[in-house]
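# sequence and computational prediction follow.
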Amino acid sequence: MTRQRWLELGVVAGIFLLLLGLLLPAVHRAREEARRSSSKNNLKQIGLALHDYHATHLCFPPGGTIREDGLPMHSWMIMIMPFLDASPYYNMVDSSLPWNSPENFPVCELSKPVYQIPETDMGLTSDGQGVTFYLGNPNLMHRNSSIALRDLKGGVAHNWFAGEIAGNFQPWGYPFNWRPLGTKLCDGPNSFGHPAWDGVNILLADGKVSYFSEQTSPEVLKRMAELPPVATGELVKVPDHKFNIGDYNWESINLDSNPEGINQYIVKVLRDPSGRPLSMNVCFKFIQRPGDIPENEYKGMGAAFQFLAHISPETDIDSLLKSTVLVEETTPQQLTANVKMLQTLQKQLP
């Protein structure tokens with residue numbers, strides 16, 4: 001190949017690399033803008049749900065319901081689920097039990113897209129709970145609060161409901177999902193903001209979502225944070241707790257049962273990033289039959305499973321299964337096989 005030919009190829013390669021260098025940042029910016037727009041839409045949906053809740057209950061939901069004995073029960077994000085087209089999941093929540101009880105895990109284990117920034121799923125907590133990328137205004141949603149529109153003395157157009165947080169993410173079912181706005185955005189994991197966007201989307205009390213640059217002055221943020229009503233320190237106090245979030249996942253393992261039975265049975269096993277089992281719950285799903293409505297649903301088709309029993313390292317699995325409806329939908333051989341399989345998993349629990 002001649003020297004001239006080499007030079008021509010070099011020029012073409014240089015032009016290609018130059019165009020690629022110009023194109024990639026543009027593609028990245030376009031993707032980030034799309035994600036920011038999707039996150040803005042999430043906050044709008046949350047805002048509509050909060051106002052629908054207010055229209056029904058004449059106040060906004062409490063930031064978290066805390067019993068008189070101090071036991072945390074449920075978060076505002078659970079309470080607005082019926083207004084986010086999530087009524088079936090909300091109806092599965094046992095409001096008499098804490099959010100993190102085994103009975104409520106089929107709901108709180110879910111990673112709800114409306115509570116997450118697209119393409120930024122960080123996984124689950126080490127207890128197998130889905131997380132949120134948004135937290136609320138502690139002045140409007142705190143312990144057992146019941147703030148109404150009439151209480152917003154600073155005006156609904158200036159007060160705020162919720163926004164994107166920069167880090168120290170929490171389960172969306174956690175009863176303490178609020179955080180002070182602070183006076184600087186994108187300023188570490190305890191602040192509001194999304195560093196990739198150099199700012200934050202904030203849901204205002206009138207339902208609008210506004211973008212605030214990380215250069216927003218501390219005075220502006222301070223005024224927003226101090227708009228009345230202002231809750232007392234005791235009402236907005238939160239536990240000193242940080243959640244371990246990572247590549248934890250729930251594995252579904254089918255249990256042997258009568259294929260003609262009314263339920264499908266599984267054991268859901270929470271595994272850590274190394275694959276070690278951490279927790280086990282036996283669940284069931286009602287199976288639709290021909291002629292039922294809706295039709296054409298089959299075993300395991302994208303539906304939530306309802307809690308049946310929790311298995312700890314001390315659980316007598318044989319006695320446990322015999323005390324449930326599973327004993328009526330299995331042969332003795334199937335029940336024995338299920339017991340052995342669960343006992344093998346149980347031995348691996350910490």
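Everything's here; your move. Numbers count the residues shown, from 1 in each chain.
# give the next helix or strand downstream of the worst-scoring helix or strand of the chain on mean pLDDT.
One helix or strand of the chain scores below all others by mean pLDDT, DSSP states H and E: helix 3-57, with a mean of 76. Next in sequence after helix 3-57, counting helices and strands by DSSP states H and E, comes strand 64-66.
# what ranges does the stretch 201-350 of the chain have for its strands?
Counting by DSSP state E, counting those that start in this stretch, the stretch 201-350 of the chain has these strands, from start to end: 209-213, 245-246, 249-254, 263-271, 277-286, 306-311.
# residues contacting residue 105?
Contacts for residue 105 (CB atoms under 8 Å, 6 or more residues apart in numbering) come out as 128-129, 268, 281, 307. Where C-beta positions appear, they are placed from N, C-alpha and C, glycine not excepted.
# which element is it on?
Per DSSP H and E: residue 105 is located in helix 105-108.
# send me that helix as CSV with only the CA atoms.
The C-alpha trace of helix 105-108 is given here as CSV (Å, rounded to 0.1, in the frame of the first residue of the first chain):
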residue,chain,number,x,y,z
PHE,A,105,-43.1,-8.3,51.8
PRO,A,106,-44.9,-9.2,48.6
VAL,A,107,-45.7,-5.5,48.1
CYS,A,108,-42.7,-3.8,49.7
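# average pLDDT for that helix?
Averaging pLDDT along helix 105-108 yields 93.
# swap in stretch 181-188?
Rounded mean pLDDT across stretch 181-188 is 96.
# okay, buried residues for stretch 134-153 please.
By neighbour count on 16 or more other CB atoms under 10 Å, the buried set for stretch 134-153 is 134-143, 145, 147, 152.
# show me how far that stretch is from its chain's centre.
Between the centre of stretch 134-153 and the centre of its chain there are 21 Å (CA atoms, centre = their mean, to the nearest Å).
# quick one, domains of the chain?
Following automatic domain parsing, the chain resolves into domains at 41-236, 247-346.
# mean confidence for the following helix or strand past the helix holding residue 105?
Downstream of helix 105-108, the first helix or strand assigned by DSSP H and E is strand 124-125. Mean pLDDT, strand 124-125: 96.
# wait, residue 271 touches residue 249, no?
Yes: judged on CB atoms under 8 Å, residue 271 makes contact with residue 249 at a distance of 5.8 Å.
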